[in-house]
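[1] Sharing a model prediction with you, sequence too.
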Amino acid sequence: MEDATERSERVADLLDRLTLEEKVSLTHGAVDPEGNATGYVPGVDRLGIPELRLADGPLGVRTEKPATAFPASIALAATFEPELAHEQGRAMGREALARDQDVMLAPGLNLIRVPHNGRNFEYYSEDPVLSGRFAAGVVSGIQSEDVVATPKHFVANNQETHRAEVSAEVDERVLRELYLPAFRDAVEAGAGALMTAYNRINGTYASEHRHLLREVLKGEWDFEGFVMSDWFGTRHTVDAASGGLDLQMPGVTMAELQASDGTADVDGADDDEGDAAPGEGDNPPEGLDQFEDGMPDPDRGDYFRDELARLVESGEVPEARLDDMVARLLGQVERVGLLDGDRGEGSVDTPEHRALAERIAADGTVLLENDGVLPLSDDADVVLIGPNVDEAMLGGGGSSETEPVVLTSPVEGVEARADGEVTVERGHERVEGVTLLDAIMGGGEEDEDDEGDVDRDAAVEAAAAADVAVVFVRDTATEAADRDALSLPEEQDELVEAVAAANDRTVVAVSSSGPVELPWREDVAAVLQTWYPGQAHGDAVAAVLYGDEDPGGRLPVTFAPESDYPTADERRYPGVDREASYDEGLLVGYRHFDATGVDPTYPFGHGDSYAEFRYGDAEVTGDRTVHVDVANVSDRDGREVVQAYVAAPDAPDDLERPPRELAGFAAVEVPAGESETVELTLDESALGRYDGDEGWTIDDGEFTVHVGRTSRDLRDSVTIER
Ligand code: BGC
């Protein structure tokens with residue numbers, strides 16, 4: 001097989017000695033006897049092959065025990081500093097080791113195509129270059145600790161509505177230019193595993209997509225690791241095995257998982273003859289009724305168990321394919337030192353990890369508006385308002401939920417930092433987060449009616465009496481459901497408006513999973529976007545509010561009214577008859593807004609600083625390195641993010657190209673009154689386009705590289721001839 005992985009002598013020797021049954025036991029998960037891991041693959045004692053434990057990701061290590069709860073991935077991307085992704089990856093790797101886990105089910109890196117997607121907080125950006133650099137950073141970090149990283153969900157998993165059924169109808173060029181590059185970057189960074197998506201791509205399930213798995217991933221990109229399904233995301237035996245899936249997860253049914261209480265003998269429990277025989281199926285789905293709500297079917301965990309052995313014996317699945325499935329898994333087991341039991345011990349919740357979680361939260365905070373009220377003076381009398389002002393926003397619902405050892409709420413963070421008086425008036429009933437179960441059962445978002453003391457008038461009165469009012473608002477999001485609107489839930493907009501009317505020094509701190517509509521943004525003095533900041537919420541937001549940290553973040557997604565996004569057309573989202581047309585093509589995110597000339601509320605790359613920067617003339621050296629001097633002309637130290645966007649020459653045959661595409665960026669700390677030369681190496685893929693016949697092609701002609709502060713605030717340009 002051309003796409004088979006290379007085998008070390010040791011792996012080849014093990015393969016020779018494994019029986020058919022033993023090989024098959026390494027192609028599907030089972031119940032974790034310790035009940036701790038998200039996923040578990042038993043070892044083969046006889047040959048010294050160890051068991052493998054897999055844990056979610058991507059916001060921290062999710063097991064039964066606590067771990068550092070990092071900010072949402074979108075907050076990490078908002079730092080525009082991939083080195084922080086590497087550091088977070090390393091920290092998660094160390095924590096995984098300490099929790100006895102071998103594989104992290106992270107990073108999540110799907111492109112943010114749909115602003116409503118309930119999992120946008122687990123992903124990075126609407127831009128492939130930005131997403132790719134963060135994905136690569138997290139992968140290299142996790143793996144530097146000898147833990148396997150699992151980029152997910154491959155590919156075009158861009159919505160949660162009907163996630164197990166919807167087919168992304170997308171052409172090859174768009175896949176290659178937008179949806180695949182971040183996965184390619186993760187693979188180039190050495191990812192040892194990869195998780196397929198639930199959805200279909202052009203009618204074929206991701207878990208059995210031979211073209212994408214065998215031709216592109218394992219063939220063109222030389223991916224050496226193993227491909228696992230998402231949980232209950234395998235749909236057929238022959239199609240999946242032949243299509244390139246190497247490991248079915250979780251490999252047991254939900255009932256088996258629940259019945260196990262950590263000790264079940266799953267292998268003894270897998271012969272339920274009452275079930276329809278799993279096996280080769282047709283595409284599209286034969287079992288649409290089971291998947292009526294478009295969610296994965298937790299009753300099917302057995303496609304790769306006895307059935308796979310039977311099909312290998314009958315020749316319907318070639319034995320060479322089974323061998324490659326196993327060789328891929330064993331290759332990673334060997335690479336991370338598990339065959340020799342030769343690994344580090346790791347550590348959890350260290351001072352270094354706590355500081356990193358706080359730094360990412362602060363550097364990922366985006367200052368959307370500021371009329372000068374921020375940073376606050378130390379002695380200001382402040383009232384803190386908001387439904388969840390006494391809670392750290394850890395993340396959205398679903399598989400990424402991480403429970404930390406320590407956390408600080410906004411109230412705790414500001415009280416610890418302020419010298420002036422701090423009062424608290426929530427002004428709105430608590431907004432409950434939604435969980436995966438709520439999403440599946442259709443519940444959630446119900447107010448618990450036990451909060452008699454919540455009074456908007458009291459908050460407004462307190463705001464009128466304070467120097468500054470800071471209002472904390474939030475959205476709710478979870479895996480398995482999309483947000484039904486981009487506006488804030490319940491009456492939070494009314495709360496902000498009432499407070500702003502009482503105090504013209506009102507600051508709003510928004511915790512959201514992705515883009516939100518902020519109808520009052522011009523009536524308040526400042527707006528901070530903090531995303532889901534994780535365990536360090538309070539400390540990080542206090543550091544930014546009081547100017548100990550410059551708000552370092554820039555938007556990795558465009559903010560606009562929901563009707564202005566290309567996905568406002570229901571054919572595109574959520575799709576019709578379980579098909580979502582990606583016929584907006586390359587015009588996703590800022591590419592769409594730039595091409596149509598529609599002004600977004602806040603453009604991609606936007607974010608203010610407390611300092612002020614002046615850009616010098618840009619220059620280009622070598623093939624594609626751009627230099628620009630950035631002077632901090634204020635009296636405060638500051639953090640600037642320099643961005644480079646490429647406009648390509650006209651392509652032949654009137655082939656459409658987005659007006660400008662992000663090709664490079666760099667975050668730089670510039671002390672007050674000083675100047676730094678920033679060097680940006682442009683990503684070659686941003687110059688190229690994908691051609692169906694020629695593959696990646698860079699057209700001849702003049703490329704213009706615009707250098708600036710945001711996708712719309714461009715300060716200078718240079719040209720590159722190709
Ligand atoms: C999610 C994956 C996750 C898996 C295991 C699925 O529901 O889509 O991202 O890794 O569960 O928890």
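    Arrived safely. Everything quoted here is computed from the prediction, not taken from an experiment.
[2] mind listing what the closest residue to Glu319 other than its chain neighbours touches?
    Nearest residue to Glu319, sequence neighbours excluded (C-beta to C-beta, 6 or more residues apart in numbering): Val312, at 5.6 Å. Every residue, glycine included, has its C-beta placed from N, CA and C. By C-beta atoms under 8 Å, 6 or more residues apart in numbering, Val312 lies in contact with Leu20, Val24, Pro318, Glu319, Leu322.
[3] Kindly recompute the last result at 7 Å.
    Contact analysis of Val312 by C-beta atoms under 7 Å, 6 or more residues apart in numbering lists Leu20, Glu319, Leu322.
[4] In this structure Glu490 contacts Arg430, no?
    No - using C-beta atoms under 7 Å, Glu490 makes no contact with Arg430, being 9.7 Å away.
[5] Relative to the ligand, how far out is the residue nearest the centre of the chain?
    What sits nearest the mean C-alpha location of the chain, by C-alpha atoms, centre = their mean, is Tyr123, with 1.8 Å. Applying C-beta to the nearest ligand atom, to the nearest Å, the value for Tyr123 to the ligand is 11 Å.
[6] Give me the number of neighbouring residues for the residue of the stretch 601-722 of the chain found nearest the ligand.
    Nearest residue of the stretch 601-722 of the chain to the ligand, counting by C-beta to the nearest ligand atom: Phe604, 25.4 Å away. Neighbour count of Phe604, defined by other C-beta atoms under 10 Å: 26.
[7] One more: Val373?
    Val373: 20 neighbours (other C-beta under 10 Å).
[8] quick one: it from Leu495, how far?
    18 Å (C-beta to C-beta, to the nearest Å).
[9] returning to that earlier point: please indicate which of the contacts of Val312 are buried?
    The neighbour-count test (16 or more other C-beta atoms under 10 Å) marks Leu322 as buried among the contacts of Val312.
[10] and Gly589, what does it touch?
    By C-beta under 7 Å, 6+ apart, the contact list for Gly589 reads Glu126, Asp127, Val557, Thr558, Phe604.
[11] Which residue is the nearest non-sequential neighbour of the first one?
    Closest residue to Glu126 in three dimensions, ignoring its sequence neighbours and counting by C-beta to C-beta, 6+ apart: Gly589, at 3.0 Å.
[12] how near is that neighbour to Glu570?
    Distance of Gly589 to Glu570, given as C-beta to C-beta: 19 Å.
[13] can you list the residues of the stretch 151-300 of the chain near the ligand?
    Within reach of the ligand by C-beta under 6 Å from any ligand atom, the stretch 151-300 of the chain has these residues: Lys152, Asp230, Trp231.
[14] Got the domain ranges for this protein?
    9-63+101-107+128-261+274-335, 352-545, 579-586+608-721 (automatic domain parsing).
[15] Need the mean per-residue confidence for the first one.
    Here the mean pLDDT over domain 9-63+101-107+128-261+274-335 is 92, rounded to a whole number.
[16] mind checking how far that domain is from the chain centre?
    Per C-alpha atoms, centre = their mean, to the nearest Å, the displacement of domain 9-63+101-107+128-261+274-335 from the mean C-alpha position of its chain is 18 Å.
[17] Check whether stretch 463-478 comes near the ligand.
    No - Stretch 463-478 does not reach the ligand (C-beta under 6 Å from any ligand atom); its nearest approach is 10.7 Å.
[18] Would you tell me which one of the contacts of Val312 comes nearest to the ligand?
    Lowest distance from the ligand to the contacts of Val312 (C-beta to the nearest ligand atom) belongs to Leu322, with 24.3 Å.
[19] Mind listing what's buried along stretch 368-384?
    Leu368, Glu369, Asn370, Val373, Leu374, Pro375, Leu376, Ala380, Val382, Val383, Leu384.
[20] quick one: which of the residues you listed sit in helices?
    With helices taken from DSSP state H, there is no overlap with these.
[21] Now do the closest residue to Gly575 other than its chain neighbours against Val576, distance only.
    Distance criterion C-beta to C-beta, 6+ apart; nearest residue to Gly575, sequence neighbours excluded, is Val166 at 5.5 Å. Per C-beta to C-beta, Val166 is found 10 Å from Val576.
[22] With neighbour numbers in mind, choose between these two.
    In this view Val166 and Val576 are compared by other C-beta under 10 Å, and Val166 has more residues nearby, 25 against 10.
[23] Confirm for me that that one is in contact with Asn199.
    Yes - under the criterion of C-beta under 7 Å, Val166 makes contact with Asn199 at 5.1 Å.
[24] residue boundaries of the helices in the stretch 301-450 of the chain?
    306-313, 319-335, 351-363, 410-417, 436-441 (DSSP state H, counting those that start in this stretch).
[25] and these as JSON lines, adding distance to Asp523?
    Below are the helices of the stretch 301-450 of the chain laid out as JSON lines (distance: least, C-beta to C-beta, whole Å):
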{"stretch": "helix 306-313", "distance to Asp523": "62"}
{"stretch": "helix 319-335", "distance to Asp523": "54"}
{"stretch": "helix 351-363", "distance to Asp523": "26"}
{"stretch": "helix 410-417", "distance to Asp523": "21"}
{"stretch": "helix 436-441", "distance to Asp523": "33"}
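[26] so which of those comes closest to the ligand?
    Of all these, helix 436-441 sits nearest to the ligand, with 7.3 Å by C-beta to the nearest ligand atom.
[27] what element comes up after the closest one heading to the C-terminus?
    helix 456-465 (DSSP states H and E).
[28] Contact partners for Ala191?
    The neighbours of Ala191, taking C-beta under 7 Å, 6+ apart as the test, are Val139, Ala149, Pro151, Gly225.
[29] Recalculate using a threshold of 10 Å.
    107, 135-136, 138-140, 142-143, 148-151, 183, 185, 223-225, 332 (C-beta atoms under 10 Å, 6 or more residues apart in numbering).
[30] do Asp349 as well
    Residues counted as contacts of Asp349 (C-beta under 10 Å, 6+ apart) are Pro66, Ala67, Thr68, Ala69, Ala91, Glu95, Ala98, Ala357, Pro404, Val405, Val406, Gln535.
[31] Quick one: buried ones out of the residues you listed?
    By neighbour count, with 16+ other C-beta under 10 Å, the contacts of Asp349 hold Pro66, Ala67, Thr68, Ala69, Ala91, Glu95, Ala98, Ala357, Pro404, Gln535 as buried.
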